[in-house]
Structures are given as C-alpha cells and as structure tokens.
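Trainee: Need coordinates for the below:
(one chain, ligands or ions: 1)
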Amino acid sequence: MQNLKLMRAIIFRDYGDPQEVMEFVEDFEIPTPNKNEVLVKVECASVNAADRYIVRANYFIIRMVFGLFRPSKKKRILGMDIAGTIKGIGKNVKSFQIGDAVVADIRKSFGGGYAEYVIVNAKHLVKKPQEVSFEQACTVPISGQAAMMGMILCDIKRGDKVLVNGASGGVGSFGIQIAKAQGAYVAAICSTKKIEAVKSWGADEVVDYKKKDSIKALIGKEFDAVFDTASFECPGRYKQILNKDGKYVLVGGDFYNMLRLKFLGRFSRGSQKFMAVTQKVTVTTNIKTVLKMIADKKITPAIQKVIPLQDVPGAIHSLEQRTVIGKIVVNLNKEVSDHS
Ligand SMILES: NC(=O)c1ccc[n+]([C@@H]2O[C@H](COP(=O)([O-])OP(=O)(O)OC[C@H]3O[C@@H](n4cnc5c(N)ncnc54)[C@H](OP(=O)(O)O)[C@@H]3O)[C@@H](O)[C@H]2O)c1
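Mentor: So this is what the prediction gives:
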C-alpha cells in the first residue's frame, strides 16, 4: 500500500532536455498547508509553454527565479495550473471547504501541479462549476485566462475584425473562441498541419505562414485588433494591417519583443496602440469568466490529448517540437497503460 505521506510527482533536478532531466518519483513528501493555504488533490494539470522555457532555462531570468545552477529543492515540480479537490485546509480559510472542486493558477508559488497534491494559497482558488470537467477546467487558469486578458485589452466589439497569431496553440485556441463568442470576425495565422483544427475552433479565415508572408497576405484587411501569442515578427510590422485606431496586444512569443513592449510600456503609432498583455482584471476574475463561458457552452477547451503523469516530459518535448494543437492535459487518475 502507498505510504500516505508520500506522493507521485514529476521532478526536474537540472536544466536541459525535459526527457533527460525530468524524472517520475513516488516518494515525494506531501506538503502541509499553512493557515492561509489549502491542500489540493490534483485531478488534472495542463502543460504550458512556460514549462519548456523553465526546464531549459533558456533565459537567465529563469535561473534567477528557479535556481542559478540547478532548480532549487523547493521549486522542482512544474505544472502551473491545476484543477482538483480540497483535502486539507488552513485555519484562516473560511470561503472553501474540504471536498470543494477548485481551479487555480499556481505560478506565484512556482508551480507544483505535476504531483498528486499541491499547496495553494486560498486567494488564488476559484470554485469549479459542475458543468465543467476537471480536464477542461485545468486548461483555464493560464491559457484561457491569458486569452481573456488579451481580448479585454483588444477591446473587441461585435463585428470587429481580429487577427490571432499563434492561433493553433493553447492560448490561440481560446483566443479564437473568445473573440468569436464576442461577435468578432476572426482571421488566424498558423502552420499548414494545424489549419483544420484552427478552422474547427471558429476562425473565419486562416493564413498559412509556411506558404506565404502572412502579414503581406493580409494587407488591405484593416484589423481592429491583433492578438499575438507568437510574436516572432517585429510587432511594428502589424501597423500596415491595423486600422487607424487598432490595437496590437502581445501575449507571448519572442521574450525580447515581450520585454521591449513591457518596458517601453504601451506605445502609440498615430492612434494605433501597441502593448504587451498586462493584468488589468484579476486573474481569478478572468478564470471565473472563462469557466462560465465553458459551462454555458459558448467555448470548449481544445484538448488534443489527455496523458498520465509519467508522460509529462514527452508532452513538454512535443511542445518544443511544435506538434501540439491546442492543449495537452495531464490526468493524475489516468494509468500509464490506458494510453489512447
Ligand atoms: N503572459 C501570460 O500570462 C501568458 C500566459 C500563457 C502563455 N503565454 C505565452 O504565450 C505564448 C503562447 O503560449 P501557448 O501556451 O499558446 O503556446 P503553444 O501552445 O506552444 O502555442 C504557440 C503556437 O505558436 C506557434 N509558433 C509560431 N512560431 C513559433 C516558434 N518559433 N516557436 C514556437 N511556437 C511558434 C505554434 O504554432 P504553429 O506550429 O502553427 O506555428 C504554436 O502552436 C508563449 O510564449 C507563452 O509563454 C503568456
């Protein structure tokens, strides 16, 4: 029988290739919540682009946060968003009870979702609506939330024309659907193999950037907003396809483009606005909004596959290979043998 104080987890002991430095263990100590925290049994977690950057420590800032030479002992479990069930509760926590089904963004505590149990500060918790499954819910705190925040900044109104770049990814799949639910016309940019999926999420028009220069192909369209999750182009290039007071919102992609926009702040070109995504609405508010949209069947998380915990390193590798379409979900109750 399993020792009740120990749990299964995927840990990373070093930086590098996820398939080499990440390891499945069964003897990780179950943490104990302090007075403002809860212990959550993780039912599902989602795989995010952030995991691949952290495991590789591609940028020096990652080493400053996670450990200079190797990940610090307290930050060895990744998994930045979870859906699960409360199993233990700190004495100051009044708004949640043992047994509640909850969802959380756990980036502020450096992850921990790739394990059977995780500690979450109660202020980061959102109750999971019954109509939303654990597998769906875990895709919301990071990808769904970031898409919602970006779309709020894009300030979309019914009938607006929105361009989603990086459309086939975790954030893009939510971005397309949220923009469509808000009544926008959506054009999307992605690679050849992912076009059918992107169309199935509701894009009205898809440009294959492998076949043509996507920005050139869209000249003359005059978008009200560009929602960019794959900013590997200079953001200024989008000026030519934005209308005169259009907005460009950068959610991800090239780290230095992101920093440039963040530090230079929102800058204008005429009355066009260029900005990196910033949190104008609380994360938990956005999570609730996206969960409600799923519960109301206005959007559906695009889950490419559901994997057991042991397959996390391979899933991060497939993000690096860019073979993922939408989201990969880790279901902690899934056995290795029921691969589908
Ligand atoms: N600020 C925030 O709060 C926040 C939250 C979530 C994510 N992000 C950031 O947003 C970005 C997208 O996240 P995601 O979860 O949607 O990632 P993802 O699932 O890996 O999707 C990214 C998409 O971008 C496309 N892409 C184009 N050029 C690429 C390149 N050189 N390298 C990798 N992908 C490329 C890929 O599609 P094709 O194969 O079709 O090209 C891929 O599907 C990441 O940079 C992530 O760190 C930020």
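
Trainee: counting contacts, what elements does whichever strand or helix holds residue 198 pack onto?
Mentor: Applying DSSP states H and E as the criterion places residue 198 in helix 195-200. Applying 3 or more C-beta pairs under 8 Å, 6 or more residues apart in numbering; DSSP states H and E, we find helix 195-200 packed against helix 170-181, strand 205-208. C-betas here are computed from N, CA, C, even on glycine.

Trainee: and that helix, average pLDDT?
Mentor: For helix 195-200, the mean pLDDT works out to 98.

Trainee: And the contacts of that helix?
Mentor: Contact partners of helix 195-200, identified using C-beta atoms under 8 Å, 6 or more residues apart in numbering, comprise 167-168, 172-173, 176, 188, 190, 206, 208, 302, 325-326.

Trainee: try stretch 217-226
Mentor: When contacts are defined by C-beta under 8 Å, 6+ apart, stretch 217-226 is touched by residues 154-157, 160-163, 165, 184, 187, 207, 238, 240-243, 246-249.

Trainee: of all the contacts of helix 195-200, which comes closest to residue 6?
Mentor: residue 326 (33.5 Å; C-beta to C-beta).

Trainee: Surely that closest one and residue 306 touch.
Mentor: No - Residue 326 sits out of contact with residue 306 when judged by C-beta atoms under 8 Å, with a separation of 11.8 Å.

Trainee: Return the residues of the stretch 101-250 of the chain in contact with the ligand.
Mentor: Applying C-beta under 6 Å from any ligand atom, we find that the stretch 101-250 of the chain lies next to the ligand at 142-143, 146, 166, 168-172, 190-191, 194, 229-230, 232.

Trainee: Point out where this protein drops to low pLDDT.
Mentor: Within the chain, the stretches with pLDDT under 70 are 1-4, 265-269, 337-340.

Trainee: So the residue nearest the centre of it: helix, strand or coil?
Mentor: In the chain, the C-alpha nearest the mean C-alpha coordinate belongs to residue 143, at 2.7 Å (C-alpha atoms, centre = their mean). In three-state terms, and counting by DSSP: H, G, I helix; E, B strand; the rest coil, residue 143 is helix.

Trainee: That one: what's it in contact with?
Mentor: Each residue near residue 143 by C-beta under 8 Å, 6+ apart is listed here: 46, 48, 81, 169-171, 173-174, 327.

Trainee: any idea what sits nearest it, other than its immediate chain neighbours?
Mentor: Closest residue to residue 143 apart from its sequence neighbours, by C-beta to C-beta, 6 or more residues apart in numbering: residue 170 at 3.8 Å.

Trainee: contacting residues around the one you found?
Mentor: With C-beta under 8 Å, 6+ apart as the criterion, the residues that contact residue 170 are 46, 48-49, 139, 142-143, 324, 326-327.

Trainee: who wins for neighbours among those?
Mentor: residue 139 (31 neighbours; other C-beta atoms under 10 Å).
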